[in-house]
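Engineer: no FASTA, just this:
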């Protein structure tokens, strides 16, 4: 550890350091100069990294002006050398590309049949039990498909919190759950029905609709929405 880093640690209490604050409170709780301090990592002999970051931000009238700054312009700021200027320019460009990116779409669900045929093709030959979830937006476009659990040939342990933890990362409006029965039989077990009821209840609390729970067998599938009264209770 360099003397500069040691000085920074001595001068700034641990719970006030940007990395600690990000871990404890999340990135949105940090001021702009704190986010910048994480990228800069170290200060100078005269300033700790928070002071350098704060002065750096004040060198620009706005973040837009910072975005347009050239590498040479960045290096004119005291404490910003060639390496830091390159890292900053790369971070700015990466942020711009992320901001311009669109959420990928993976098809459109128009009916239980379209979901069933899609998942039947993927799951009917699996030798282990898998639980797959389709995360849909308000237009029923698939914005994410994820295998949440892989179980033994006989069982799979699932918990709603793992599914909804994933759902809140995206603009999820609806879910379709599917799991396969390696035996090929699509008859739902009592555990299947209980899990579906829990998912529906949790979905109501979260404001996310459970459209269906499909059981995938050998060249056939069963829709619990169409074949049971669970969704009407």
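Structural biologist: Cool, the structure landed. From a predicted model like this one, the values you see are computed outputs, not experimental measurements.

Engineer: So which bits of stretch 176-196 are buried?
Structural biologist: 176-182, 186, 188, 192, 195-196 (16 or more other C-beta atoms under 10 Å). For the C-beta atoms, the positions are set from N, CA and C on the backbone; glycine is no exception.

Engineer: Of those, just say which sits nearest to residue 228.
Structural biologist: residue 188 (7.2 Å; C-beta to C-beta).

Engineer: For the closest one, list the residues it contacts.
Structural biologist: Residue 188 makes contact with 215, 222, 224, 227-228, according to C-beta atoms under 8 Å, 6 or more residues apart in numbering.

Engineer: What is the most widely separated pair among the buried residues of stretch 176-196?
Structural biologist: Spatial extent of the buried residues of stretch 176-196 (C-beta to C-beta) is set by the pair 176 and 182 at 20.3 Å.

Engineer: returning to that earlier point: okay, the contacts of residue 188 in JSON lines with secondary structure, neighbour count and pLDDT next?
Structural biologist: Below are these laid out as JSON lines (DSSP: H, G, I helix; E, B strand; the rest coil; neighbours: other C-beta atoms under 10 Å; pLDDT from 0 to 100):
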{"residue": "215", "secondary structure": "strand", "neighbour count": "25", "pLDDT": "95"}
{"residue": "222", "secondary structure": "strand", "neighbour count": "20", "pLDDT": "95"}
{"residue": "224", "secondary structure": "helix", "neighbour count": "20", "pLDDT": "95"}
{"residue": "227", "secondary structure": "helix", "neighbour count": "12", "pLDDT": "90"}
{"residue": "228", "secondary structure": "coil", "neighbour count": "16", "pLDDT": "83"}
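
Engineer: Now flag whichever of these is closest to residue 203.
Structural biologist: residue 224 (13.7 Å).

Engineer: nearest spatial neighbour of that closest one, skipping sequence neighbours?
Structural biologist: If the residues on either side of it in the chain are set aside, residue 224 comes closest to residue 213, at 4.3 Å by C-beta to C-beta, 6 or more residues apart in numbering.

Engineer: Helix, strand, or coil at that neighbour?
Structural biologist: Of the three states, residue 213 takes strand under DSSP: H, G, I helix; E, B strand; the rest coil.

Engineer: Roughly how far does it sit from residue 146?
Structural biologist: 16 Å (C-beta to C-beta, to the nearest Å).

Engineer: So the chain: which segments form each domain?
Structural biologist: Split into domains by the TED database, the chain comes to 14-100, 107-223.

Engineer: Could you dump those domains into JSON lines and include distance to residue 232?
Structural biologist: Converted to JSON lines, the domains of the chain look like this (distance: least, C-beta to C-beta, whole Å):
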{"stretch": "domain 14-100", "distance to residue 232": "40"}
{"stretch": "domain 107-223", "distance to residue 232": "10"}
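
Engineer: Could you look over those domains and pick the most buried one?
Structural biologist: domain 107-223 (a mean of 17; mean count of other C-beta atoms under 10 Å).

Engineer: Many thanks, have a good one.
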